[in-house]
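Engineer: Turn this into a model:
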Amino acid sequence: MKHLRFLNKYFYKYKWWIIPGIFFVIISNIFGVIPAQVIGHAFNLITENIEIYRLFEGFERRDIIYSIFSNSLFYFGLIVLVLYLLRGLFLFFMRQTIILMSRHIEFDMKNEIYAHYQKLSLGFYRRNNTGDLMNRATEDVNRVRMYVGPAIMYAINTAVLFVLVIYAMFSVNNTLAIFCLLPLPVLVIIIYFVNTMINQKSEQIQEQLSKLSSFVQERFSGIRVIKSYVREAHTKEVFAAESHGYKKNAMSLVKVQALFYPTMVLLVGLSTILTVYVGGRQVISGSITPGNIAEFIVYVNQLTFPVSMLGWVTTLIQRASASQKRINEFLQLKSDITSKDNLALPLKGNIRFENVSFTYPDTGIEAIRDVSFEIENGQFVAIIGRTGSGKSTLANLIMCMYDVDSGTVKIDDTPINTLNLQHYRDQIGFVPQEVFLFSDTIKNNIAFGMDNVTREDVETASKNAAVYHNIVDFEHKFETMLGERGITLSGGQKQRVSIARALIKAPKILIFDDCLSAVDTRTEEEILNNLGRLMHGKTSILIAHRISTIKNADKILVLDEGRIIEQGTHSELLGQEGAYAEMYQNQLLEEENQSV
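Structural biologist: Below is the predicted model:
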């Protein structure tokens, strides 16, 4: 139960739902126990009046006795009916408070988990797959809801009913009550051993379900690759194997549960047999009446449902504990990135790296090694280098997606780790290397980074990104719905929509992370001309592979194996006849060969 202590804050928040719920549980069970006493009295009435009825055989008063007898039975039946109607009414109120409370807690938990996910750094998402993250926020939360709702409701109901029934039993006859409750210690022992097994198997099932969800999500996202390489049959076999593992664990849990319920029923049946046998001997000795036996049988039957529910409730609690443990693992994680002073400063655009080194914590790859450079406000700076040289890492460090291992990144002479990250990033336009578009309209994808955007703003941004004419050619124009990850659009169109999304913010710093690779040379030139006009006096950083893209930059940084090996303008770097000049000559040869 230690993992479920996390939920105490929710119980305190919704205490005015729980307290009335407990009150309704107690009242409903009182109205559930009283009918047993009424039935006991009715049974005694029947046995006594049958004898009286027989004594008056042949007398005129026999009809009067029959009339009184039948009316009495009718009133007893009416009383029982009214009591059960009242019990049903309070059971309705009980569910309306406790079950509704569980839905509110589910809502709060999902929002808390999602909000916490948003605070964690990119390293967290590199270490964990999407399917597992989704499963903890959905399936695990649902299992916790079953604990805070049905499990608690039935647990309280069972506890109250046990107290009331046991009190009623002992108030009638101690000996008969003891024999009726004799199987209960056996029940406790069974629950103890079964709970341990259920807990272990529940954790295995949740882990397997996360793997299965991750597998399906990944394969659906990469369906084009699967079809291109004709691997449908192979993925089907892998999915079947993963599903078999989940089924095996689930069936193992079901087998444990299948033994639990019949055992409960057997113990309750044993209590009934003991009640009839011991009660019969008590009636013969004159200690109790036959109505008391009927009353005890009703009590035993009333315990049947709670006892059977006890097994289900323990299963819910164990599953909830396993799920809450998984949820707590992520909620207890702290972001790798922390802001010391949380400063919200207006951005000018000066960027300085001072002896910065960075190693990816999940892979151990040293991406940046002792890098120092400065980008002045209003400069157009390009970063170029071979694949894996650390270009995208530099962009991520400027965006403060990771904390550096050593050295300092300063923005306008202020260490970046002292800034309010949301305020800082809100002033930056970033176009990532891997374009991601949402399953929404083109208009909403372009306006994603802004709250209040007009149609004219969206159209202007699309024109600046050289994608306007492509969009208006669609039937629904800017209201065209995109498929998952923007699958409706071509690679170049997706890149330009992503660029429009960054430009509409009118950012103080704009970062292009190799996002012009899928557009043709003419479109690239149009975008760069628009960029020069829009970002005049503002800082622009362009990461690219093609030198033709960056030759007009104010400064070019050449990276190799995480170090800056050259920096300067295009003409200065060509004059050095180093790595940059070599790349330039190689690209010229490639273009000549392609033209031939």
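Engineer: what about Ile67, how many neighbours?
Structural biologist: Residue 67: Ser, not Ile. For Ser67, the number of neighbouring residues by other CB atoms under 10 Å comes to 10. Glycine gets a C-beta too; all of them are placed from N, C-alpha and C.
Engineer: where do the strands sit along the protein?
Structural biologist: Secondary structure of the chain, counting by DSSP state E: strands at 351-359, 366-375, 380-385, 406-411, 414-415, 428-431, 509-513, 539-544, 555-560, 563-568.
Engineer: Mind listing what's buried along the first one?
Structural biologist: Buried residues in strand 351-359, counted by 16 or more other CB atoms under 10 Å: 351-354, 356, 358-359.
Engineer: closest to Val472 among the residues you listed?
Structural biologist: For the buried residues of strand 351-359, the residue nearest Val472 by CB to CB is Ile351; the value is 37.0 Å.
Engineer: and the nearest residue to Met153 once chain neighbours are set aside, what pLDDT?
Structural biologist: With CB to CB, 6 or more residues apart in numbering as the criterion, Met153 has its nearest non-adjacent residue at 4.4 Å, and that residue is Ile98. Confidence per residue is given as pLDDT, and for Ile98 that number is 89.
Engineer: Does Ile98 touch Gly149 like I think?
Structural biologist: Yes. If you go by CB atoms under 8 Å, Ile98 and Gly149 touch, sitting 6.2 Å apart.
Engineer: okay, the two: which has more neighbours?
Structural biologist: Taking neighbours as other CB under 10 Å, Ile98 and Gly149 compare with Ile98 leading, 25 against 21.
Engineer: Go through the strands of the chain and name the closest to Phe330.
Structural biologist: Across those, the minimum distance to Phe330, taken as CB to CB, is reached by strand 351-359, at 23.5 Å.
Engineer: Name the strands paired with that closest one and say parallel or antiparallel.
Structural biologist: strand 366-375 (antiparallel), strand 406-411 (antiparallel) (DSSP bridges).
Engineer: and the direction of it versus that of strand 539-544, what angle?
Structural biologist: Here strand 351-359 points in a direction 40 degrees away from that of strand 539-544 (axes from the mean of the first three to the mean of the last three CA atoms, to 10 degrees).
Engineer: quick check, distance from strand 351-359 to the centre of its chain.
Structural biologist: The chain centroid and the centroid of strand 351-359 are separated by 36 Å under CA atoms, centre = their mean, to the nearest Å.
Engineer: what does stretch 346-361 give?
Structural biologist: With CA atoms, centre = their mean as the basis, the mean position of stretch 346-361 lies at 34 Å from the chain mean.
Engineer: Find the nearest non-adjacent residue to Thr393, please.
Structural biologist: Using CB to CB, 6+ apart, the closest residue to Thr393 is Ala367 (4.1 Å).
Engineer: Tell me who's in contact with Phe124.
Structural biologist: Applying CB atoms under 8 Å, 6 or more residues apart in numbering, we find Phe124 in contact with 333, 335-336.
Engineer: Need the pLDDT of it.
Structural biologist: At Phe124, the predicted lDDT confidence score is 79.
Engineer: Next: Thr275.
Structural biologist: 82.
Engineer: now the stretch 251-400 of the chain, which segments are flagged as low pLDDT?
Structural biologist: Within the stretch 251-400 of the chain, the set of residues satisfying pLDDT under 70 comprises 261, 304-305, 307-308, 311, 339.
Engineer: Show me the helices in it, by range?
Structural biologist: Under the criterion DSSP state H, counting those that start in this stretch, the stretch 251-400 of the chain carries helices at the ranges 290-331, 391-398.
Engineer: Format these as JSON lines; extra columns: mean neighbour count.
Structural biologist: Compiled in JSON lines, the helices of the stretch 251-400 of the chain are given as follows (neighbours: other CB atoms under 10 Å):
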{"stretch": "helix 290-331", "mean neighbour count": "21"}
{"stretch": "helix 391-398", "mean neighbour count": "22"}
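Engineer: Using a markdown table, please lay out these together with distance to Gln576.
Structural biologist: Supplementary listing: the helices of the stretch 251-400 of the chain in a markdown table, determined by distance: least, CB to CB, whole Å:
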| stretch | distance to Gln576 |
| --- | --- |
| helix 290-331 | 49 |
| helix 391-398 | 20 |
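Engineer: So which of the ones you listed is nearest Leu557?
Structural biologist: Closest to Leu557 of these is helix 391-398 (CB to CB; 8.1 Å).
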